[in-house]
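Novice: Have a look; sequence and predicted model below, questions after that.
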Amino acid sequence: MGGNQSWVNEFFLVGFRLSAEMEVFLFWIFFLLYIFSLLANGIILGLICLDPRLHTPMYFFLSHLAVLDISYASNNVPKMLINLISHKKTISFGPCITQTFLYLGFAATECLILGAMSYDRYVAICHPLHYTVIMSWRVCMALAVTSWSSGFLLSVVHAVLLLRLPFCGPQEVNHLFCEILSVLKLACADTGLNQLVLLGACVFVLVGPISLILISYMKILWAILKIQSEGGRVKAFSTCSSHLGVVGLFFGIAMLVYMVPDSSQREEQEKMLSLFHSLFNPVLSPVIYSLRNTQVQGAFHRALHKRNAGGTAG
């Protein structure tokens, strides 16, 4: 290392290079979207907890997805909002590594939960008579625990490998938050092992689940096509369309960010894709599920009816 390098205790988050007026405008847009994502996911989580009709494996996994979306957004967006209205866009080394750790943990867990949801839909449509036996609560709990523990175990490995690296300048993280690829670029040592482990993790949490999802939906489509009545086909597909929409958004962006070769021209594009992941995806997921799912809509209407009846009785 050169003599003009010094160890860094904090990083400067570059973010978007915009005027102060535009940053204030974006602050209010992102703030409203963040609040909406918390409310929307919170409502879905509350409905699933309170309505006995939603105490099924499908909604059990959906509740985990809502918790992940809230956690995912809350890990990145608040600091992003502060930086939009702050002149000092810095983050200390410890919080930066923590943000990276949580970001990777929540993202990996969500990939695995989405894979588990596709398996649930496959069993429900292709093996309806054995659904309650195959998707027992013990199996659901095992799938959920495995997803969370695997996601955060991978994140621990990334964090440990990141902490072993020396960071001695420059201090600028060319991103909206401490995203691992952007942080690795600042290390003044060989990051080959980090990159290799990251590639292996991407194969496990991206290629693995997306392969399971594709196989599940190929079998689901074949089963739906064999249904005689048109109404039955529509009903069967409607239970899967919401999940397919969320999967397309989440996995599509993740694979573009982590599995497409990096280049300097892609840095600004990656910021936008990561922003979509951190902010827009947690907003769109509950909207997709609520708009396309009659059971969620029914639970919401029942909750409103109970509230109105309680208010009238009071």
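Specialist: Yep, it's here. It should be emphasised that the depicted structure is a prediction, and the values quoted were computed from it without experimental measurement. Residues are numbered from 1 along each chain as shown.
Novice: Could you give the average pLDDT over stretch 251-268?
Specialist: Average pLDDT, stretch 251-268: 66.
Novice: same question but for stretch 185-198, I mixed them up
Specialist: The model assigns stretch 185-198 a mean pLDDT of 89.
Novice: Just the endpoints, please. Distance across it?
Specialist: 14 Å (Cα to Cα, to the nearest Å).
Novice: Work out the gap between that stretch and the centre of the chain.
Specialist: 24 Å (Cα atoms, centre = their mean, to the nearest Å).
Novice: Okay, buried residues for that stretch please.
Specialist: 186, 188, 191, 194, 198 (16 or more other Cβ atoms under 10 Å). In short, each C-beta sits where N, CA and C put it, glycine included.
Novice: and stretch 53-70, C-alpha only, in CSV?
Specialist: Extracted in CSV, the C-alpha atoms of stretch 53-70 (Å, rounded to 0.1, in the frame of the first residue of the first chain):
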residue,chain,number,x,y,z
ARG,A,53,-59.5,-17.8,6.9
LEU,A,54,-56.0,-16.7,5.9
HIS,A,55,-54.3,-19.2,8.3
THR,A,56,-53.1,-21.3,5.4
PRO,A,57,-49.6,-22.2,4.1
MET,A,58,-49.9,-19.7,1.2
TYR,A,59,-50.6,-16.8,3.5
PHE,A,60,-48.1,-18.0,6.1
PHE,A,61,-45.4,-17.5,3.5
LEU,A,62,-47.0,-14.2,2.4
SER,A,63,-46.7,-13.0,6.0
HIS,A,64,-43.0,-13.7,5.9
LEU,A,65,-42.8,-11.9,2.6
ALA,A,66,-44.5,-8.8,4.1
VAL,A,67,-42.0,-8.9,7.1
LEU,A,68,-39.1,-9.1,4.6
ASP,A,69,-40.4,-6.2,2.5
ILE,A,70,-40.8,-4.0,5.6
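Novice: Pull up the distance across stretch 43-61, start to finish.
Specialist: First-to-last residue span, stretch 43-61, Cα to Cα: 15 Å.
Novice: same thing with stretch 86-101?
Specialist: For stretch 86-101, the end-to-end distance is 24 Å (Cα to Cα).
Novice: List the contacts of it.
Specialist: With Cβ atoms under 8 Å, 6 or more residues apart in numbering as the test, stretch 86-101 has contacts from 8-15, 75-76, 79, 83, 155-156, 158-159, 162-163, 167, 173, 177-180, 183.
Novice: Please enumerate the helices of the stretch 101-250 of the chain.
Specialist: If DSSP state H, counting those that start in this stretch is used as the criterion, the helices of the stretch 101-250 of the chain fall at 131-134, 137-163, 180-184, 192-202, 208-225, 230-258.
Novice: follow-up on the earlier one: between which two of the buried residues of stretch 185-198 is the distance greatest?
Specialist: Greatest spatial distance in these: 188 and 198, 18.6 Å, computed using Cβ to Cβ.
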